[in-house]
Structures are given as C-alpha cells and as structure tokens.
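J.: Show me how the following folds:
(2 chains, ligands or ions: 2)
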Amino acid sequence: MPVIEVKNLSKVFGRNPKQALKLLDQGLSKDAILKETGNTVGVNRASFSVEAGEIFVIMGLSGSGKSTLVRLINRLIEPTEGSILIDGEELSKMDQKALRQVRREKMSMVFQNFALFPNRSILENAEFGLEIQKVPKEERKKKAKEALDLVGLGDYVNQSPNQLSGGMRQRVGLARALANDPEFLLMDEAFSALDPLIRKDMQDELIDIQSRMKKTILFITHDLDEALRIGDRIALMKDGSIVQIGTPEEILVNPANDYVEKFVEDVDRSKVLTAEHIMKRPETVNIEKHGPRVALERMREEGLSSMFVVDSKRNLKGYITADDASEARKKDANSFDGILKNDIPRVDKGTSMQEIFDIIHDSPIPVAVVEDGKLMGIIVRGAVIAALTGDGEVNIDNG
Amino acid sequence: MANTGMLDFIPQIPVAEGTETVTDWLTDTFAFLFDPIKEYLTIVMEFVAETVLMGIPPVILILITAVIAFFISGKKFGLAAFSIVGLWFIYNQGHWDNLMNTVTLVLLASLLSIIIGVPIGILMSKSRVLEAILSPVLDFMQTMPAFVYLIPAVAFFGIGYVPGVFASLIFATPPTVRLTNLGIRQVSKELVEASDAFGSTGSQKLFKVELPMARPTIMAGINQTVMLSLSMVVIASMIGAPGLGAEVLSSLQRASVGTGFVAGIGIVILAIIIDRITQNMTRGKAS
Ligand SMILES: Nc1ncnc2c1ncn2[C@@H]1O[C@H](COP(=O)(O)OP(=O)(O)O)[C@@H](O)[C@H]1O
Ligand SMILES: [Mg+2]
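T.: Ligands and ions are numbered 1, 2, ... in the order given. Prediction:
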C-alpha cells in the first residue's frame, strides 16, 4: 500500500471553486479561469502515489501549486475535490482529533524558511513535536538530542536559532521533524533558501539520512538539478497539474512535452547522465576460444586499434593492442599470454559523466563499464562529448 | 438659527435623553450587581492602600522599588537612583499617603484592564467578525474625552475609589485588547503552520507559540494601558478618587500654584517610574 495516495485532487482559491472546476473540465486554462471568475486554481486534478521508502520529488516553477499540494496533504488547507489517503485512510474524513493524531505520528514538515521558534533553544525546538504529544520531559529531551546528533548539531543544543547560520537552522528544522520519528517527511522547498554549496551538503545529507532511516520523503523544489539529485521519482507540475511522473532518467531522456523539455534543456547533463546512458555494446574476443589471429582480424574489421578480452562469462580479462597482436602472430603464438594488458580505466554504471570525462581524457583506450567483474559496455570519447553537448544518442532501455 | 429652517426638517433627536434613560435603567436594574462590587472593591482597595502600602515603612518601600528597578533595567543604576530620589522627594513633600492611594488605584485598574483585555484580544485575533465589530468600539472608547466616563461611573458607583477604577477600565483597556489582537495576528504564518503541522491543539498553539511570540507587542499594549490608567486615575479625583490627583484638584480650586505644582511633580515621577518598569518588562525576559 502506498504511504500517500493522492487521487484527482483539486484546490481552487476564491469564492466559487466548484464553478471554476466545471470550467476546468471544459478545458479552460488557469489564466482564463482567473480572468473570467476571479478564482485561482491552486491544484488541478493531481493524482500520484508515494511508496514507502522513496524520495518523491514534486517540482515546478513558482506558482505551479507545489506548496498548495503539500498543504493539502497535511490538511493545512481543505481540498475542493478529490481524495488523499494516508496509509489507506481518507484524510478529509478524519475529525480534528484523528487529524491531529496523524499529524503527530505519521508526518512531519520541514519549511522553506525553517519556521524555528526564536524563543526556544535548539533543543527545545527539536523537542516541539514530542512536547505537543506530551511525551515525558526526559524522554523527549533524549530523542531530540539524538535527532540533533543525527544532523550534526549535538553540540549546539543550548543555543538560540538566531545564533545559527541558514544551513544549521535547516538542520534544526530537519531534526525537529525527525525527532517525532514520523512515517514520512514533507519538505517544502526546504533547501531553497540556502547557499548553493550548503545546499549540496544538505542534499547529500538528506540522501544519507534517508538511506539509513528509510524514511519516505515528499520533497518539493523548483530546481530540476536538485530534483534529479535526490529524487527516486519526480512529478513535474505546471499550472496546478502534474504533467509527468517518472524517474530522473525517464524525465530527462523522454520529456513528456515541451514544458518538460524546456526544463530539461537547462540541466547540466554532465551531472545527470551516467555511464549507463552512453555506453556501447563492446566488441570483444574470448580468451578461452580465440587467439591473436582472430583478434587481429576482428580489429581490422571494426577499424579498432585495441580490443577488450573477456572469458565465456564476460568477465573482463584485459585488452590487447593491434601492434602486440601482430607481433604475437608473427611468433605464431596461440594465446594472449604475454600480450594481455590490464591497465583499463574502469567505471560502473552509475558513474557520472563528469567523472568519466576526466578519466577518458587521458586514456588511449575506451573506458570499460564493469559490474561484478563483468564487462557491460564501453565508452568512447566521442560519445561523452556528444552527450555533453546534448545531441548524442542516449540509451533509456537498459536499467 | 431661524433661517436655517431647511435643516430643521425633523426636530432634535433626543440622543442625550436616550443615553440618560439607558444609564438610569442600567443603574436601577443592575444595582444588585453594582452595589456589592462597589462595597467589596472598596474594602479591597482600602486594605491595599491603607493597611498594606501605608503599613510598610516608606524607606523599605522605596528600597524595594529601587531593587526592582535595578534588576528590571538590566542591572543599571539610573532608574534605581531616580526611584530613590524621586520617591524620597514625594515623601519629603508630605504626599506619601496620596502616592499610595494613587498607586493602589493604578495597580488595580491596570490589573483589571489586563485581565479583561488580554482574553478579549485573543478572541478578537481568532475571529474576523469579532475584530470587525470591536475595532470601531475600541476606537470610540479611546477617543471619547476621558471626563465623559466619569458620569456613568458616578451613576453606577457613586464616588470614591471604585468609580475611578471603572472609568479607568473603560478608558485604558483598549490598547491591551488592540495590541494583543495585533500581536497574535502578526505571528509569522509559517510558525503557525509549523505548530499546526506538528499536531497542536488550539490551546497548545496559543500558549506555546502565539502568546510567546506576541509577548513584546502585548507588553507594549500593557504599558500603554498602565500609563492611560494613571492619567485616568488623576482625572478621577474629580469624582472623589483619593491620591495625588485630588491634591492637584484642590490646589486648582484654591488657586494655590505651589501645592499644585508639587503634587503634579509627584505624578510625573510616578509616571516615569511605572513607564520605565513596564517598558523594561517587555525586553527584560525576552533576552
Ligand atoms: N491562500 C491563497 N489564496 C489565493 N490564492 C492562493 C493561495 N495560496 C496559493 N494561491 C495561488 O495558488 C497558486 C499556487 O501557489 P503555490 O502552491 O504557493 O505555488 P508554489 O508553491 O508552486 O510556488 C498560485 O497561483 C497562488 O497565487
Ligand atoms: Mg511554494
């Protein structure tokens, strides 16, 4: 069962939301509806579900309805139509008491501008959720301290939020959310107010914390780079509607429409594409069956100056050069003994283009993409450059 | 007058008469309430003024005030020194008992204003309708010349301490209500959302987030209330409230500039001490 399931969810701000929904059905745009009725469409028929343990990113430009969507999910605002299921339970049917219970136990929110309480110490801020639940003082202190340790702020418990930098404040915000041990986190542009470098650190840390604690995270951002970095899946929003949902690769490689494509164009592809996307099927010789003659023949056929050598199970054994192979043939050698070289640059499927670029730069031979010792593919310099400039062919079907 | 006939299309509307009828009706109908209020409040105030405050030797009271002033102003000597000199001067001029009466009136009147004003301010901040209704009422209460309140005060409570407190209550409560409302409404939306998002109940939100955040604003309102109630308590001497104001009033009637001046100085000294102490309470605990 998904942790969060959103079905056909809409929110219209204004005096006559139902009428605006009807106009939406008739195909009018958000702008047209605003002009005609004065109502603002916040979220328009959004449907998606978030599975346990994943980082689900909702991304879109400012005003696309992201904040409205998260606030519907913890019911800080009421939907105009549609349903939200939290662990299969309908959120809008809950009375105030049940709603508070869900907010206390299942979800915690991290805010764009941190929303720390300036009159409370760091520790007291982290304790807030537990205090609301009336957890005994000693216990909540202990849990809050653990959460602060987790985000690296264990030494700052008695300071006031005003004494901390932005990055540290948001760590407190994160600790406050984690101290409750919620099932999932709602993070609304949680890193958008931070400097780029600190932001990267926080992204890494979030991924790290997530992999350790297996929290489900619904993360909102307007930054595609950020979405691609941390998202397991990404939903793209425009004018209140979700226009595409997919893994980072799917979105990059297969933009659903012009809107998504516009976004994708701006992305620094070197950070996003990995070895897997640009590798080619390798030409190889089999160390168990072939000798220098076959190798030389194959190299001539393919116009190559070197070739990888594998065994029958595709384990990478090394490579030979055309020069060495022809020397060996002259000596009538039947095996690759003595001419097999092993100084191959190896990467795995997930290695980023940026790193590959540095490696391939000083390598005379192609880079080998290896998994568990098996040769999966090769990368040639041309493919890297083509992919970086955006007109290369990339593979989407393997992975 | 005769040639403005056009404006006389209806006879004078009896607003004054109407008000009088209503006041009379209130006085008669609620006599069962007003009389015991007056009786008990008088006992309490006489006890505070005559037994407690006048019972403590002036030296001790002056020192206590100085110590409070010292700590509340962040361990600075200025206000403490001023309190010692100022209060001693009032004592020296033979106005100590008058001062104690005035202090009692101000303390009680402001305390009641706060007890009534803060909760009303909280309710007002939670309801747009209530805010729309109360805002003009508060404006009205504050703009009406303070003297006017003395009239119903006398009607309800006769003369003495109690009508002074009543008039002061009407005149001095609005700033506390207004600034409590404002303070709570000004709490950042994100903090309120944070409080809700973590599952606070209404009262948890109020006491853990809204009131602490609104505290400086509320304290500013309370400071204004205390100062207004001091000014009202002085005016209330016209309806027999004892204290420094009564001294000013009798000097006025006897045209004795000197005594009036001395009593006036006494009021100024008291005003400064009260103002500084309540102002410092705003910042005092926040840091
Ligand atoms: N309380 C509100 N009243 C009226 N319109 C609102 C309100 N909140 C948001 N909106 C409108 O809804 C749309 C989506 O806003 P929002 O969810 O804040 O976008 P995002 O978080 O993606 O920037 C915007 O057009 C915004 O003006
Ligand atoms: Mg937003």
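J.: which other helices and strands contact the helix or strand encompassing residue A:300?
T.: Element membership of residue A:300, judged by DSSP states H and E, is helix A:292-302. Secondary-structure packing of helix A:292-302 (3 or more Cβ pairs under 8 Å, 6 or more residues apart in numbering or on different chains; DSSP states H and E): strand A:284-286, strand A:306-310, helix A:322-330. Any C-beta I mention is one placed from the backbone N, CA and C, and that applies to glycine too.
J.: and the residue of the stretch 251-399 of chain A found nearest chain B, how many residues sit next to it?
T.: With Cβ to the nearest Cβ as the measure, residue A:263 is the residue of the stretch 251-399 of chain A nearest to chain B, at 27.4 Å. Residues near residue A:263, counting by other Cβ atoms under 10 Å in any protein chain shown, number 20.
J.: And for residue B:8?
T.: Number of residues near residue B:8 (other Cβ under 10 Å) recorded here: 10.
J.: ok, back up a step: contacts for the helix holding residue A:300, please.
T.: A:283, A:285, A:304-307, A:309, A:320, A:322, A:325-326, A:328-329, A:333-336, A:339 (Cβ atoms under 8 Å, 6 or more residues apart in numbering or on different chains).
J.: For the buried ones among those, write the corresponding PyMOL selection.
T.: Buried members of the contacts of helix A:292-302, defined by 16 or more other Cβ atoms under 10 Å in any protein chain shown, are picked up in PyMOL with:
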select buried, chain A and resi 285+304+306+307+309+320+325+328+329+333+336+339
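J.: still on that earlier bit, tell me the angle of the helix holding residue A:300 relative to strand A:306-310?
T.: Per axes from the mean of the first three to the mean of the last three Cα atoms, to 10 degrees, the angle that helix A:292-302 makes with strand A:306-310 is 130 degrees.
J.: Buried ones in helix A:292-302, by neighbour count?
T.: By neighbour count on 16+ other Cβ under 10 Å, the buried set for helix A:292-302 is A:292, A:295, A:296, A:298, A:299.
J.: hmm, back to that, is it fair to say the residue of the stretch 251-399 of chain A closest to chain B lies in a helix?
T.: Yes. Residue A:263 sits within a helix when classified using DSSP: H, G, I helix; E, B strand; the rest coil.
J.: Next one: it from residue B:113, what distance?
T.: For residue A:263, the distance to residue B:113 (Cβ to Cβ, to the nearest Å) stands at 59 Å.
J.: ok, now residue A:367?
T.: Taken as Cβ to Cβ, the span from residue A:367 to residue B:113 is 80 Å.
J.: Pull the contacting residues for residue 243.
T.: No chain was given, so I picked chain A. Residues near residue A:243 by Cβ under 8 Å, 6+ apart: A:236, A:237, A:256, A:257, A:259, A:260.
J.: I was after chain B.
T.: Shown in contact with residue B:243 (Cβ under 8 Å, 6+ apart): B:98, B:99, B:101, B:102, B:105, B:233, B:234, B:237.
J.: Show me what the closest residue to residue A:375 other than its chain neighbours is bridged to.
T.: In this structure, residue A:375 finds its nearest non-sequential neighbour in residue A:316, 4.3 Å apart by Cβ to Cβ, 6 or more residues apart in numbering or on different chains. Per DSSP bridges, the residues bridged to residue A:316 are residue A:310.
J.: Within its local environment, how many residues does residue A:316 see?
T.: A total of 21 residues lie near residue A:316 under the criterion other Cβ under 10 Å.
J.: Isn't it up against residue A:344?
T.: Yes. Assessed by Cβ atoms under 8 Å, residue A:316 is found in contact with residue A:344 at 7.1 Å.
J.: Centre-most residue in chain B?
T.: Computing the C-alpha centroid of chain B and ranking residues by Cα atoms, centre = their mean puts residue B:229 first, at 2.9 Å.
J.: now the residue nearest to residue A:375: how far from residue A:304?
T.: 16 Å.
J.: Next: residue A:256.
T.: As defined by Cβ to Cβ, residue A:256 lies at a distance of 39 Å from residue A:304.
J.: Which pLDDT value goes with whatever residue of the stretch 51-200 of chain B ends up closest to ligand 1?
T.: The stretch 51-200 of chain B approaches ligand 1 most closely through residue B:189 (9.8 Å), counting by Cβ to the nearest ligand atom. Here, the pLDDT recorded for residue B:189 equals 93.
J.: domains for chain A, by residue range?
T.: Taking automatic domain parsing as the reference, chain A has its domains at A:4-106+A:182-267, A:275-389.
J.: Can you say which of those domains is packed in most?
T.: Neighbour counts (mean count of other Cβ atoms under 10 Å in any protein chain shown) averaged over each of the domains of chain A peak at domain A:4-106+A:182-267, with a mean of 18.
J.: near ligand 1, anything from that one?
T.: Yes. Applying Cβ under 6 Å from any ligand atom, one finds domain A:4-106+A:182-267 touching ligand 1 at A:13, A:40, A:42, A:60, A:62, A:63, A:64, A:65, A:66, A:67, A:68.
J.: Give the other helices and strands that the helix or strand harbouring the third one contacts.
T.: Using DSSP H and E, the secondary-structure element containing residue A:42 is strand A:40-50. Contact analysis of strand A:40-50 by 3+ Cβ pairs under 8 Å, 6+ apart lists strand A:4-13, helix A:17-25, helix A:30-37, helix A:66-73, strand A:241-246 as its packing neighbours.
J.: ok now the third one, how far from the chain's centre?
T.: In other words, helix A:30-37. Here helix A:30-37 is found 34 Å from its chain centre; the criterion is Cα atoms, centre = their mean, to the nearest Å.
J.: one step back: just the angle between the strand holding residue A:42 and helix A:66-73, please?
T.: Going by the same axes, to 10 degrees, strand A:40-50 is angled at 60 degrees with respect to helix A:66-73.
J.: Grab the longest helix from the chain for me.
T.: Using chain A. Longest helix in chain A, counting residues (DSSP state H): helix A:196-213.
J.: Please refer instead to chain B.
T.: helix B:96-126.
J.: Count the residues that sit near the residue lying closest to residue B:248 once chain neighbours are set aside.
T.: Distances taken as Cβ to Cβ, 6+ apart place residue B:263 nearest to residue B:248, at 4.8 Å, with adjacent residues excluded. Residue B:263: 26 surrounding residues under other Cβ under 10 Å.
J.: Just the CA atoms of stretch A:293-313, as CSV, please.
T.: Output in CSV follows, covering the C-alpha atoms of stretch A:293-313 (Å, rounded to 0.1, in the frame of the first residue of the first chain):
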residue,chain,number,x,y,z
ARG,A,293,44.8,-14.1,-35.2
VAL,A,294,41.1,-13.8,-34.6
ALA,A,295,41.7,-10.7,-32.5
LEU,A,296,43.7,-9.0,-35.3
GLU,A,297,41.1,-10.0,-37.9
ARG,A,298,38.3,-8.5,-35.7
MET,A,299,40.2,-5.3,-35.1
ARG,A,300,40.8,-4.9,-38.8
GLU,A,301,37.1,-5.5,-39.5
GLU,A,302,35.9,-2.9,-36.9
GLY,A,303,38.7,-0.4,-37.5
LEU,A,304,40.0,-0.6,-34.0
SER,A,305,43.5,-0.3,-32.6
SER,A,306,42.7,-2.3,-29.4
MET,A,307,40.2,-4.8,-28.1
PHE,A,308,38.9,-6.0,-24.8
VAL,A,309,39.3,-9.6,-23.8
VAL,A,310,36.7,-11.5,-21.8
ASP,A,311,36.1,-15.1,-20.8
SER,A,312,32.9,-17.0,-21.6
LYS,A,313,31.1,-15.5,-18.7
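J.: What mean pLDDT does it get?
T.: Mean pLDDT, stretch A:293-313: 87.
J.: Taking chain B, what residue is nearest to chain A?
T.: Closest approach between chain B and chain A, counting by Cβ to the nearest Cβ: residue B:199, at 3.6 Å.
J.: Where does pLDDT dip in the stretch 201-350 of chain A?
T.: Flagging of the stretch 201-350 of chain A using pLDDT under 70 yields the residue ranges A:266-271.
J.: Over to residue A:256: give its phi and psi.
T.: The phi/psi pair for residue A:256 (degrees, to the nearest 10) reads phi -70, psi -30.
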